[in-house]
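> everything below, folded, please.
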Amino acid sequence: MKETDNINKYTDKEWEDLSSLLSGEENENRDLLGRFTAEDRLNTIKYWKELGEMNSEKEIDVDKAWKNLYSRLSGEGLMPGTKVMRRSLMQTMYFRVAATILLLLGLGTMFVVMNEKDMLSRKVNVATTENEKNLQVTLPDGSSVILNRNTTLSYHSNFVKHGRNVTLKGEAFFDITPDTGNPFTINAGKASVKVVGTTFNVITSNADSAVEVFVKTGKVMVTDNEGTRNIILDPGYIGTMSSRSSEKHLNEDQNYMAWNSGILIYDGQLLDVVFKDLRRVYNMDVVADDPEILKNTWTTNGPLYNQPEETIIRLICLSFNLSYSKDGSVYHLSKK
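The predicted structure follows:
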């Protein structure tokens with residue numbers, strides 16, 4: 001049965017009633033919902049339920065939603081190609097059902113797009129700001145992703161069905177649900193990362209736009225965008241892929257995942273290294289007024305668990321007889 005045949009089963013009035021029912025409004029024609037669920041091959045109900053419990057108190061303006069949706073689809077070239085088909089669809093209420101869902105989503109980080117094969121599909125964007133980190137995202141397949149600051153994760157809501165593909169900008173830690181028949185792929189700028197089931201960290205914002213991957217468990221393959229070079233990484237290894245080169249080495253930085261764990265430990269590292277760690281973990285800058293300060297090495301009495309940034313600065317100053325001042329997010333250290 002063609003999609004237009006399904007549309008023509010309902011009158012304009014029935015589409016209006018159906019739209020209000022899907023919006024959570026009361027309507028005497030409630031048997032329409034059961035009929036629509038049984039006959040609708042486009043899975044509108046399924047997607048509606050997948051969105052979770054929507055705010056039923058929101059007031060839905062279906063006409064406004066339709067205008068917003070049509071404007072967006074037209075601007076992105078997603079409306080059917082011929083004028084006749086476009087006009088025919090505009091005259092029905094079918095798209096208004098999808099528009100209702102679009103309006104409920106708030107047109108925010110999650111938005112709806114349509115195409116001819118799958119009339120209702122969703123792309124999801126999740127982003128953190130400069131002051132947010134450790135934001136956990138659970139993907140539809142059960143995989144977990146923890147985002148660092150200034151990071152954006154994008155994926156298709158049906159990515160389990162159409163391939164477990166996500167796009168990452170920034171830094172994130174992945175814990176992937178195993179599925180040997182459906183590998184998990186991360187599009188990460190200069191490279192792609194493919195796994196079956198593992199835990200690993202990905203950075204896409206390094207210098208020279210290189211992609212950096214650290215593997216905690218399992219095995220990961222990193223491939224350049226041309227598909228001409230790849231790196232296979234085992235647990236404990238870091239791989240770097242840029243447009244010009246690729247390399248891997250064993251990770252010897254015990255604080256590599258401190259942004260996620262909140263745990264710092266030092267046993268003789270230069271303060272120059274310590275300050276770089278603090279920038280990554282706390283998003284702050286530490287400036288030594290005298291370059292000689294950076295040559296000192298620091299050893300802590302055991303791990304530092306989720307300590308406030310100023311506590312770390314005070315410990316450093318106490319260790320080396322330094323004083324500090326703060327200007328915004330920048331700490332200035334000087335000799336007493």
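> the host helix or strand of Gly239 pairs with which strands, and in what direction?
Under the criterion of DSSP states H and E, Gly239 resides in strand 237-241. Each strand paired with strand 237-241, and its direction, by DSSP bridges: strand 211-217 (antiparallel), strand 246-250 (antiparallel).
> CA atoms only: put it into PDB for me.
In PDB, the C-alpha atoms belonging to strand 237-241 read as follows (Å, rounded to 0.1, in the frame of the first residue of the first chain):
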ATOM      1  CA  TYR A 237      47.200   2.500  24.100                       C
ATOM      2  CA  ILE A 238      46.700   5.900  22.600                       C
ATOM      3  CA  GLY A 239      46.300   6.400  18.900                       C
ATOM      4  CA  THR A 240      46.600   9.700  17.000                       C
ATOM      5  CA  MET A 241      45.300  10.200  13.500                       C
END
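> Gly163 reaches Asp179, doesn't it?
No - with contact taken as Cβ atoms under 8 Å, Gly163 and Asp179 are classed as non-touching, separated by 11.0 Å. Where C-beta positions appear, they are placed from N, C-alpha and C, glycine not excepted.
> quote the end-to-end distance of stretch 177-195.
Using Cα to Cα, to the nearest Å, the span of stretch 177-195 from its first residue to its last is 10 Å.
> so where's the chain shaky on pLDDT?
Regions of the chain meeting the criterion pLDDT under 70 cover residues 1-122, 206-208.
> and it, what are its domains?
Residue ranges of the domains in the chain are recorded as 3-112, 128-250, 258-335, according to automatic domain parsing.
> name the helices or strands packed onto the helix or strand hosting Ser154?
In this structure, Ser154 is located in strand 152-156 according to DSSP H and E. Applying 3 or more Cβ pairs under 8 Å, 6 or more residues apart in numbering; DSSP states H and E, we find strand 152-156 packed against strand 121-127, strand 164-169.
> name the residues of the following helix or strand past that strand that are buried.
Counting by DSSP H and E, the element after strand 152-156 in chain order, helix or strand, is helix 159-162. Across helix 159-162, burial judged by 16 or more other Cβ atoms under 10 Å covers Phe159, Val160.
> and the contacts of helix 159-162?
Leu139, Pro140, Asp141, His156, Asn165, Val166, Asn182 (Cβ atoms under 8 Å, 6 or more residues apart in numbering).
> buried among the residues you listed? Need that as a selection in PyMOL.
Once 16+ other Cβ under 10 Å is used to decide burial, the buried members of the contacts of helix 159-162 can be selected in PyMOL as follows:
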select buried, resi 139+140+156+165+166+182
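> and the contacts of helix 159-162 as JSON lines, adding distance to Phe214?
Rendered in JSON lines, the data for those read as follows (distance: Cβ to Cβ, whole Å):
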{"residue": "Leu139", "distance to Phe214": "20"}
{"residue": "Pro140", "distance to Phe214": "25"}
{"residue": "Asp141", "distance to Phe214": "22"}
{"residue": "His156", "distance to Phe214": "26"}
{"residue": "Asn165", "distance to Phe214": "21"}
{"residue": "Val166", "distance to Phe214": "18"}
{"residue": "Asn182", "distance to Phe214": "24"}
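> going by distance to Pro291, which of the contacts of helix 159-162 wins?
Minimum distance to Pro291 across these is 42.6 Å, recorded for Val166 (Cβ to Cβ).
> in the sheet, who's paired with the closest residue to that closest one other than its chain neighbours?
Residue nearest to Val166 in three dimensions, not counting chain neighbours: Tyr155, with 4.2 Å by Cβ to Cβ, 6 or more residues apart in numbering. The residues paired with Tyr155 through beta bridges, assigned by DSSP bridges, are Val124, Val166.
> hmm, Tyr155 is touching Leu168, no?
No - the criterion here is Cβ under 8 Å, and Tyr155 misses it with Leu168 at 9.6 Å.
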